Every structure is written in structure tokens, then in C-alpha cells.
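A.B. asks: here are the coordinates; sequence isn't available:
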Ligand code: ATP
Ligand code: MG
């Protein structure tokens, strides 16, 4: 049986990178895989400081964004992580399976901790173990991952292998990545070499799913470019990261290849291309933003959707956790 797990942190408003690189693909997966589990990973979020009220608000916003983007909560399992205890419980076991040396190699920790290593939370360091628990608490067989999460999925596989070996039982599957094609990686609008990110301090670096048409237009107008007009071909984008990024975004939003887009946009001035890109972005994002706002207006219903999702998630994870606890030798009633 195939089972998909994926998560997004409620660390701020979702942006075009989250949508084009992740959520949009997950919406499509729902049709191909019976069993899809989508999680708002609030336990991950607190690895760096989150204002409590903002965390609650962002959790609802991310859940609403999932649904507005087309995730069907009747079909897929949609919930927030802290409502299902198995994540934290299994993460502890994995803290004792994973080796320090493995975590020391994680590039995301190095990037996020920077020079301040002594002062970041222990949770930030152990984050990949919690991610392994998210996936393996459901014995997920496939995880759609962006480039930025590949190394963490490798670690998940290493943990599964070591657990199975240590305890002499094939408890966990060796989870496979699902990698998507073009448009997977959206870069910052201020710097074409840095990924678009919720945690980037500059609001102008990203287009979010709550931006209205004016905000989208302004951010695209201010997006960094170089002085040359667009090249004629895809090859001409080489060495021009900002131009390449805007073309990638256009291609992803219009569901076309970069070559097709260059056929149409090649040679145009940025000013003209940016207007076309704005119109396209607004036409794709506006209906989603409207739906998100409707969902957020009925908080009780949204919370009920997450509670029902958590119940379903718990039903899957509980027997798996029992199996783990038995394998480890924990005495249970
Ligand atoms: P943070 O800065 O807090 O880490 P983030 O923007 O990286 O936030 P995550 O919640 O870490 O967002 O990631 C959610 C999903 O979105 C993941 O599947 C991740 O691979 C994907 N993703 C994040 N940023 C991008 C991007 N710029 N382009 C494509 N996919 C992205
Ligand atoms: Mg991230």
C-alpha cells in the first residue's frame, strides 16, 4: 500500500514557493494516492520562537490555505501535528536511535543556527528526528519533498533502517521521495540565488497567499532584475538568476514549460513581462485568497475539520506506536 505524508510549518503566511513547490503538487497527489496525510507541523514551528497567539493564527491560516488550494479534508487527512501525540512520542524514540554524527551533517541546521550555535534550541537540532517521526508514525511510503528537505528524508531512511536493525523487526518502510519537475524551487524576489522563504525578513522577497492584487503588483514591480531585456531562449537565462526565477514562476503558474514561455516572452522588456506576470499571478491566486478568507471567517468549522483530521490520524498512528513500543520493550498495560 502507498501512503503519502507531507507537512508545512505554521511559521507565517504561505508563499508562492510553498504553493508551486509543494501544496499544488499535493493537490494532484490526492487523485493518484488513496491515502494522503497532510499536516500543519506546529511542533516543528516552535523550534524557533513563535509568539503563541501568532502560532495559533498561522495554524488556522495554513490549514485554510491547504483547503483553498484544493486539498479535500474529507478525502485526505488534514490536521495539526500537536493534536496527535504519536509525533512527539515517536520523536523521543528516534532521538535515541539517530546518532549525533548524523545530525551534525544537516545543512539546514547549520544555515538556521548560523554562528549562534550555542544559543539555538535543542529542538532545532533534533528537528530532523521529529520529521522522521512525522513520516514513520504513519509508515508513509512516499514523501513529496522539495530540494530543501531531501537531506532530512535521507536521515528518515537511515533512522528506519537502524531501528529495524537494532530491534530485529521490519517495523518501518524505507520511505521514497517524490520529486516534482519544473517550478519546484521558487527563489526570493530580492535575490535569485536564495529560496523564497517564510522566514525571510523582507516582505518583498515573497508573494503570499494573502496578498491582494495591489500587493502582488507592487512586489513584482519591485522584484530584482538585471538591466538587459529577457533573452530569446532558455539557454540565455544561464547566469541570470532573477530573470530565470521570474520565468520559472510564469511557467509554473501557467502550467507550461520554460521553453514555451520563452517562445512567447523572449526579448521582451522586464516592464512588459512583469505586467503579464502580475496578471497571471493574480488570476491564479485571487480565487484561492477569497476561499481562504471564507474559511477563516468560520473558525469553529475550521477547528472542527482539524479535530476530525486529528482523530483519523490518531487511528492510523496509535497501533503503529504500539508496535514500536512493543519492539523497544516498553512495559504497557
Ligand atoms: P521556513 O522559512 O519557516 O522554513 P519555508 O518557506 O521554507 O519556511 P516550510 O514550511 O519549511 O516553508 O516548507 C513547506 C513546504 O514548502 C516544503 O515541502 C518545502 O519543500 C516547500 N518549499 C518551501 N520553500 C520553497 C520554495 N522557495 N520553492 C519551492 N518549494 C518550497
Ligand atoms: Mg523550510
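C.D. replies: Thanks, I have the structure now. Remember, it's a predicted structure, so these values are computed and weren't measured experimentally. Ligands and ions are numbered 1, 2, ... in the order given.
A.B. asks: tell me the domain boundaries of this protein?
C.D. replies: As assigned by automatic domain parsing, the chain contains the domains 3-184+298-328, 211-294.
A.B. asks: May I see these arranged in JSON lines, with distance to ligand 1 and mean neighbour count as well?
C.D. replies: For every residue, glycine as well, the C-beta is placed using N, CA and C. Shown next, in JSON lines, are the domains of the chain (distance: least, C-beta to the nearest ligand atom, whole Å; neighbours: other C-beta atoms under 10 Å):
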{"stretch": "domain 3-184+298-328", "distance to ligand 1": "2", "mean neighbour count": "18"}
{"stretch": "domain 211-294", "distance to ligand 1": "9", "mean neighbour count": "17"}
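A.B. asks: out of these, nearest to residue 200?
C.D. replies: Residue 200 sits nearest to domain 3-184+298-328 of all these, at 8.9 Å, using C-beta to C-beta.
A.B. asks: mean confidence for stretch 112-127?
C.D. replies: The average pLDDT within stretch 112-127 is 94.
A.B. asks: Tell me where the chain has helices.
C.D. replies: With DSSP state H as the criterion, the chain has helices at 16-18, 24-32, 42-45, 52-69, 86-95, 100-104, 107-113, 122-136, 150-167, 213-222, 241-254, 258-265, 270-297, 299-328.
A.B. asks: how about those, which one is nearest residue 187?
C.D. replies: helix 241-254 (4.2 Å).
A.B. asks: Check which helices and strands that closest one sits against.
C.D. replies: helix 258-265, helix 270-297 (3 or more C-beta pairs under 8 Å, 6 or more residues apart in numbering; DSSP states H and E).
A.B. asks: so where's this protein shaky on pLDDT?
C.D. replies: Within the chain, the set of residues satisfying pLDDT under 70 comprises 181-184.
A.B. asks: try 50
C.D. replies: Residues of the chain meeting the criterion pLDDT under 50: none.
A.B. asks: Residue 88 is in contact with residue 43, correct?
C.D. replies: Yes: look at residue 43 against residue 88 with C-beta atoms under 8 Å: they come within range, at 6.4 Å.
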